[in-house]
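Novice: No sequence on hand, only this structure:
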């Protein structure tokens, strides 16, 4: 081997330098790759840790959804579908208004009636009480008219007005071509002596006699001056007899005293026709009954009628249309029979009544002056 020159030495150094530089590049590259691998490894571990809870939550959510669907399988289908879509268990009592998405839709104010619609509504005609079949006309003592609502729970009368016939001042009622009524007269001491045989010959079947009256100021019970004589003569003529009392009772106790007074006469004379209660009104400003309220009048009437009924006789309430519909409460008087007073050509009263006083100015042989006449629809002898 020969001696190396300086040029060879330099060339050799150059080659070694190039080799060292390449090694450095290789080492640097390997370091970079190592760092990248480490970063990738760390990032992958972090990604796996965050992904697992999400997968677990998704699994739990899916499990809850399945559970909800199963729990609501027998419930309302709409509720079940809402729960499965939301993925949340519906709380007990959940309604559509509890869902948040309704807030997306603003509540629109209710449409207001236009002025034209309001005018049309105001112009709607009201039912005419005179033609609606639900009201009846009542005229008070001063002549004022009022349409009163007919109580649907009270028994109505079924009389056919075309079957009433008047002949010689006597009113009759016919059913199936046969007379189905009786004619009567009501009397008191002001009628004087009565010829009951003459009354019978002229078509009178029964009489209602005033038993007595209570003083409208003193409050004392007074026997009718002609009651004993009328009872005896009517019995001799074999006429059917009932009684009535002109009351000024201001309480139930006084009403029962009046009833007892009538019952005593009815027992002694073996009467079979009704005993009627008549509250005398409009007989003076000092009348003791002027201050009575409607409910008090009703209670007194009931007390009288119950006392009569308990004694074994038929109680009856007398009055005109105004009195019966405005002064007392018929609904609280049960099935007590009504003696209806109305001097019109035909009776105008919606409820059931057993007797109709159709005249207060009649004349008939057997009585001097004017008298009251009645038609009865009940045969008390057959009861």
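Specialist: That came through, no problem. Quick caveat: nothing in here was measured; it's all calculated off a predicted structure.
Novice: Could you use CA atoms for every contact and neighbour count after this?
Specialist: OK.
Novice: give me the number of residues near the residue nearest to residue 161 when sequence neighbours are not counted?
Specialist: By the measure of Cα to Cα, 6 or more residues apart in numbering, the closest residue to residue 161 outside its immediate chain neighbours is residue 346, 7.0 Å from it. Burial of residue 346 is recorded as 13 neighbouring residues (other Cα atoms under 10 Å).
Novice: name the element residue 346 belongs to?
Specialist: Following DSSP states H and E, one finds residue 346 outside all helices and strands.
Novice: confidence score at it?
Specialist: For residue 346, the model assigns a pLDDT of 96.
Novice: How about stretch 356-367, which residues are buried there?
Specialist: Of the residues in stretch 356-367, those scored as buried under the neighbour-count criterion (16 or more other Cα atoms under 10 Å) are 356, 357, 358, 359, 360, 363, 364, 366, 367.
Novice: and what of stretch 196-214?
Specialist: 196-197, 199-200, 204-214.
Novice: Can you check the distance spanned by stretch 326-338, start to finish?
Specialist: Taking Cα to Cα, to the nearest Å, the first and last residues of stretch 326-338 lie 15 Å apart.
Novice: can you pull up the bridge partners for residue 338?
Specialist: Note on residue 338: beta-bridge partners residue 317, judged by DSSP bridges.
Novice: What ranges in the chain fall below the confidence cut-off?
Specialist: Filtered on pLDDT under 70, the chain yields the residue ranges 1-26, 28-29, 31-32, 34-37, 39-125, 282-284.
Novice: Which stretches in it count as strands?
Specialist: When secondary structure is read from DSSP state E, the chain shows strands at 135-139, 145-149, 164-167, 170-175, 178-179, 182-187, 206-214, 221-223, 240-247, 275-279, 315-320, 337-341, 355-362, 371-376.
Novice: Just list the residues touching residue 381, thanks.
Specialist: residue 272 (Cα atoms under 8 Å, 6 or more residues apart in numbering).
Novice: Quick check: it vs residue 171, distance?
Specialist: Taken as Cα to Cα, the span from residue 381 to residue 171 is 20 Å.
Novice: go on, residue 266?
Specialist: In terms of Cα to Cα, residue 266 sits 27 Å off from residue 171.
Novice: now residue 371
Specialist: Here residue 371 is placed at a distance of 14 Å from residue 171 (Cα to Cα).
Novice: Have a look at those two and say which one is more surrounded.
Specialist: The residue with more neighbours, out of residue 371 and residue 171, is residue 171; 21 against 18, by other Cα under 10 Å.
Novice: what bridges to the more buried one?
Specialist: In this structure, residue 171 bridges to residue 166 when assessed by DSSP bridges.
Novice: what's the answer for residue 240, then?
Specialist: Beta-bridge partners recorded for residue 240 (DSSP bridges): residue 206.
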